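S.K.: 3D, please:
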Amino acid sequence: MIAVIWEVTSRLSVLPEFMFPRLTQVLETLFNGLVNGQFLAAIGKSLSRLLTGFAIAIVLGLIMGYLIWRYKLVEDTLGFLVTALQSIPSIVWFPLAIIWFGLNDISILFIVTIGATWTMTVSATSGFRNVPTLYKRVAKTFGSSGLHFIRTIILPASVPQLISGLRIAWAFSWRALMAGELLGSGGGLGQLLETGRSLGQMDLVISVMIIIAIIGTIMDNVVFLRLERSVQKKWGLT
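M.R.: Below you'll find the predicted structure:
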(Lines give C-alpha, C1' and ligand atoms only; values in the text may rest on other atoms or scores of the structure.)
Protein backbone atom coordinates (compact mmCIF):
# COMPACT_ATOMS: atom_id res chain seq x y z
CA MET A 1 0.00 0.00 0.00
CA ILE A 2 2.79 2.41 0.92
CA ALA A 3 4.56 1.58 -2.33
CA VAL A 4 1.43 2.34 -4.38
CA ILE A 5 0.86 5.64 -2.56
CA TRP A 6 4.49 6.61 -3.09
CA GLU A 7 4.41 5.81 -6.82
CA VAL A 8 1.09 7.56 -7.48
CA THR A 9 1.99 10.61 -5.39
CA SER A 10 5.33 10.96 -7.13
CA ARG A 11 3.74 10.81 -10.58
CA LEU A 12 1.06 13.37 -9.68
CA SER A 13 3.33 15.67 -7.70
CA VAL A 14 4.34 19.07 -9.07
CA LEU A 15 7.80 18.63 -7.61
CA PRO A 16 10.59 17.84 -10.08
CA GLU A 17 11.62 14.21 -10.33
CA PHE A 18 15.06 14.75 -8.84
CA MET A 19 13.42 16.07 -5.64
CA PHE A 20 10.69 13.43 -5.34
CA PRO A 21 11.72 10.35 -7.36
CA ARG A 22 9.30 7.55 -8.20
CA LEU A 23 9.59 4.32 -6.26
CA THR A 24 10.32 2.44 -9.48
CA GLN A 25 13.17 4.85 -10.17
CA VAL A 26 14.59 4.29 -6.68
CA LEU A 27 14.36 0.51 -7.06
CA GLU A 28 16.03 0.73 -10.45
CA THR A 29 18.89 2.75 -8.98
CA LEU A 30 19.16 0.29 -6.11
CA PHE A 31 19.25 -2.68 -8.47
CA ASN A 32 21.81 -1.10 -10.80
CA GLY A 33 24.01 -0.11 -7.86
CA LEU A 34 24.02 -3.65 -6.56
CA VAL A 35 24.66 -5.18 -9.98
CA ASN A 36 27.55 -2.89 -10.92
CA GLY A 37 29.11 -3.31 -7.48
CA GLN A 38 28.91 0.33 -6.40
CA PHE A 39 26.72 -0.38 -3.37
CA LEU A 40 28.50 -3.61 -2.48
CA ALA A 41 31.87 -1.84 -2.39
CA ALA A 42 30.42 0.90 -0.20
CA ILE A 43 28.82 -1.65 2.14
CA GLY A 44 32.10 -3.53 2.46
CA LYS A 45 33.99 -0.32 3.23
CA SER A 46 31.46 0.78 5.85
CA LEU A 47 31.24 -2.61 7.56
CA SER A 48 35.02 -2.99 7.73
CA ARG A 49 35.27 0.35 9.52
CA LEU A 50 32.36 -0.50 11.76
CA LEU A 51 33.65 -3.93 12.78
CA THR A 52 37.11 -2.55 13.53
CA GLY A 53 35.82 0.34 15.63
CA PHE A 54 33.25 -1.83 17.35
CA ALA A 55 35.85 -4.45 18.29
CA ILE A 56 38.11 -1.76 19.78
CA ALA A 57 35.15 -0.31 21.69
CA ILE A 58 34.29 -3.73 23.16
CA VAL A 59 37.84 -4.22 24.45
CA LEU A 60 38.07 -0.70 25.87
CA GLY A 61 34.59 -0.92 27.37
CA LEU A 62 35.31 -4.22 29.13
CA ILE A 63 38.62 -2.97 30.52
CA MET A 64 37.23 0.33 31.77
CA GLY A 65 34.08 -1.35 33.06
CA TYR A 66 36.17 -3.78 35.07
CA LEU A 67 38.37 -1.01 36.50
CA ILE A 68 35.35 1.09 37.48
CA TRP A 69 33.73 -1.93 39.14
CA ARG A 70 36.89 -3.11 40.85
CA TYR A 71 38.41 0.10 42.22
CA LYS A 72 36.58 2.80 44.15
CA LEU A 73 39.03 5.52 43.11
CA VAL A 74 38.54 4.70 39.42
CA GLU A 75 34.76 4.71 39.92
CA ASP A 76 34.88 8.20 41.46
CA THR A 77 37.06 9.57 38.66
CA LEU A 78 36.81 7.60 35.42
CA GLY A 79 33.26 6.47 36.20
CA PHE A 80 32.06 10.04 36.53
CA LEU A 81 33.90 11.04 33.35
CA VAL A 82 32.38 8.18 31.35
CA THR A 83 28.89 9.16 32.48
CA ALA A 84 29.52 12.72 31.32
CA LEU A 85 31.06 11.69 27.99
CA GLN A 86 28.18 9.32 27.25
CA SER A 87 25.85 12.32 26.89
CA ILE A 88 27.98 13.82 24.09
CA PRO A 89 26.84 12.79 20.57
CA SER A 90 29.56 10.96 18.66
CA ILE A 91 29.53 13.39 15.74
CA VAL A 92 30.56 16.22 18.10
CA TRP A 93 33.96 14.51 18.30
CA PHE A 94 34.47 14.70 14.54
CA PRO A 95 36.02 18.23 14.38
CA LEU A 96 38.46 17.18 17.08
CA ALA A 97 39.23 13.96 15.21
CA ILE A 98 39.98 15.93 12.05
CA ILE A 99 42.42 18.18 13.93
CA TRP A 100 44.14 15.17 15.52
CA PHE A 101 44.18 12.71 12.61
CA GLY A 102 43.16 14.64 9.49
CA LEU A 103 40.21 13.98 7.18
CA ASN A 104 40.80 10.26 6.66
CA ASP A 105 39.74 6.77 7.73
CA ILE A 106 41.33 7.13 11.16
CA SER A 107 39.03 10.05 12.01
CA ILE A 108 35.96 8.03 11.04
CA LEU A 109 37.24 5.01 12.95
CA PHE A 110 37.79 7.24 15.98
CA ILE A 111 34.21 8.48 16.19
CA VAL A 112 32.86 4.97 15.53
CA THR A 113 34.89 3.71 18.48
CA ILE A 114 33.83 6.66 20.64
CA GLY A 115 30.22 6.01 19.72
CA ALA A 116 30.25 2.55 21.28
CA THR A 117 32.91 2.75 23.99
CA TRP A 118 31.01 4.70 26.65
CA THR A 119 27.85 2.63 26.29
CA MET A 120 29.87 -0.58 26.46
CA THR A 121 31.71 0.70 29.54
CA VAL A 122 28.49 1.49 31.39
CA SER A 123 26.96 -1.87 30.44
CA ALA A 124 30.08 -3.78 31.49
CA THR A 125 30.22 -1.95 34.82
CA SER A 126 26.57 -2.71 35.48
CA GLY A 127 27.03 -6.34 34.45
CA PHE A 128 30.00 -6.88 36.77
CA ARG A 129 28.17 -5.24 39.67
CA ASN A 130 25.12 -7.45 39.21
CA VAL A 131 27.01 -10.71 39.53
CA PRO A 132 25.29 -12.59 42.41
CA THR A 133 27.28 -12.43 45.63
CA LEU A 134 26.71 -16.15 46.15
CA TYR A 135 28.64 -16.95 42.95
CA LYS A 136 31.61 -14.91 44.12
CA ARG A 137 31.63 -16.40 47.61
CA VAL A 138 31.48 -19.97 46.34
CA ALA A 139 34.27 -19.32 43.82
CA LYS A 140 36.53 -17.79 46.45
CA THR A 141 35.77 -20.66 48.82
CA PHE A 142 37.16 -23.03 46.21
CA GLY A 143 40.24 -20.87 45.83
CA SER A 144 39.38 -19.01 42.63
CA SER A 145 41.11 -15.64 42.30
CA GLY A 146 42.73 -13.28 39.83
CA LEU A 147 42.26 -13.98 36.14
CA HIS A 148 40.68 -17.36 36.85
CA PHE A 149 38.00 -15.67 38.96
CA ILE A 150 37.28 -13.11 36.25
CA ARG A 151 37.26 -15.69 33.44
CA THR A 152 35.13 -18.33 35.14
CA ILE A 153 32.79 -16.26 37.33
CA ILE A 154 32.59 -12.55 36.54
CA LEU A 155 32.49 -12.65 32.74
CA PRO A 156 30.09 -15.61 32.34
CA ALA A 157 27.68 -14.23 34.97
CA SER A 158 27.75 -10.82 33.25
CA VAL A 159 26.94 -12.17 29.78
CA PRO A 160 23.21 -11.25 29.73
CA GLN A 161 23.99 -7.64 30.63
CA LEU A 162 26.92 -7.51 28.22
CA ILE A 163 24.80 -8.75 25.32
CA SER A 164 22.27 -5.98 25.94
CA GLY A 165 25.16 -3.50 26.03
CA LEU A 166 26.53 -4.83 22.76
CA ARG A 167 23.18 -4.33 21.07
CA ILE A 168 22.93 -0.70 22.19
CA ALA A 169 26.60 0.02 21.48
CA TRP A 170 26.24 -1.36 17.95
CA ALA A 171 23.36 1.02 17.24
CA PHE A 172 25.39 4.00 18.47
CA SER A 173 28.46 3.02 16.46
CA TRP A 174 26.37 2.44 13.31
CA ARG A 175 24.88 5.95 13.55
CA ALA A 176 28.30 7.44 14.27
CA LEU A 177 29.73 5.69 11.20
CA MET A 178 27.08 7.11 8.88
CA ALA A 179 27.58 10.61 10.26
CA GLY A 180 31.35 10.32 9.98
CA GLU A 181 31.28 9.04 6.40
CA LEU A 182 28.75 11.70 5.44
CA LEU A 183 31.09 14.45 6.57
CA GLY A 184 34.35 12.67 5.81
CA SER A 185 35.79 10.97 2.77
CA GLY A 186 37.12 7.64 1.58
CA GLY A 187 34.02 5.88 0.35
CA GLY A 188 31.34 4.06 2.27
CA LEU A 189 27.56 4.39 2.41
CA GLY A 190 27.73 7.78 4.07
CA GLN A 191 29.91 9.09 1.25
CA LEU A 192 27.39 7.82 -1.29
CA LEU A 193 24.73 9.83 0.53
CA GLU A 194 26.85 12.95 0.19
CA THR A 195 27.48 12.17 -3.49
CA GLY A 196 23.75 11.85 -4.14
CA ARG A 197 23.09 15.11 -2.34
CA SER A 198 25.77 17.04 -4.22
CA LEU A 199 24.58 15.69 -7.59
CA GLY A 200 20.91 16.19 -6.77
CA GLN A 201 20.18 12.47 -7.22
CA MET A 202 17.51 11.78 -4.63
CA ASP A 203 16.97 8.30 -6.02
CA LEU A 204 20.59 7.52 -5.02
CA VAL A 205 20.10 9.08 -1.60
CA ILE A 206 16.93 7.10 -0.90
CA SER A 207 18.52 3.90 -2.20
CA VAL A 208 21.39 4.27 0.26
CA MET A 209 18.94 5.07 3.06
CA ILE A 210 17.12 1.83 2.30
CA ILE A 211 20.38 -0.13 2.46
CA ILE A 212 21.32 1.52 5.77
CA ALA A 213 17.91 0.68 7.23
CA ILE A 214 18.08 -2.94 6.03
CA ILE A 215 21.57 -3.53 7.46
CA GLY A 216 20.63 -1.89 10.76
CA THR A 217 17.45 -3.95 11.03
CA ILE A 218 19.23 -7.21 10.21
CA MET A 219 21.94 -6.61 12.79
CA ASP A 220 19.50 -5.58 15.51
CA ASN A 221 16.68 -8.07 14.98
CA VAL A 222 18.45 -11.05 13.43
CA VAL A 223 21.81 -11.00 15.19
CA PHE A 224 21.67 -9.17 18.53
CA LEU A 225 18.02 -9.71 19.44
CA ARG A 226 18.27 -13.46 18.79
CA LEU A 227 21.55 -13.62 20.67
CA GLU A 228 20.03 -11.72 23.58
CA ARG A 229 16.98 -13.97 23.72
CA SER A 230 19.13 -17.08 23.45
CA VAL A 231 21.30 -15.96 26.35
CA GLN A 232 18.31 -14.97 28.46
CA LYS A 233 16.70 -18.35 27.83
CA LYS A 234 19.90 -20.18 28.69
CA TRP A 235 20.32 -18.17 31.89
CA GLY A 236 16.64 -18.64 32.82
CA LEU A 237 15.83 -14.95 32.56
CA THR A 238 12.76 -15.31 30.32
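S.K.: use CA for all of it now, contacts and neighbours both
M.R.: Fine.
S.K.: Can you give the distance of the lowest-mean-pLDDT helix or strand in the chain from its chain's centre?
M.R.: Ranked by mean pLDDT, DSSP states H and E, the weakest helix or strand in the chain is helix 2-12, scoring a mean of 72. Its chain's C-alpha centre and that of helix 2-12 lie 33 Å apart, by C-alpha atoms, centre = their mean, to the nearest Å.
S.K.: Compute the mean per-residue pLDDT across the helix or strand following it, please.
M.R.: Going down the chain from helix 2-12, the next helix or strand is helix 23-35, by DSSP states H and E. In this model, helix 23-35 has an average pLDDT of 86.
S.K.: other SSEs contacting helix 23-35?
M.R.: For helix 23-35, the packing partners by 3 or more C-alpha pairs under 8 Å, 6 or more residues apart in numbering; DSSP states H and E come out as helix 2-12, helix 38-70, helix 202-217.
S.K.: Enumerate the positions of it that are buried.
M.R.: Within helix 23-35, the residues scored as buried using 16 or more other C-alpha atoms under 10 Å are 23, 25-27, 29-30, 33.
S.K.: burial count for L199?
M.R.: 11 (other C-alpha atoms under 10 Å).
S.K.: nope, A84 is what I was after
M.R.: Using other C-alpha under 10 Å, A84 is surrounded by 11 other residues.
S.K.: Tell me how far it lies from V122.
M.R.: Using C-alpha to C-alpha, to the nearest Å, A84 is found at 11 Å from V122.
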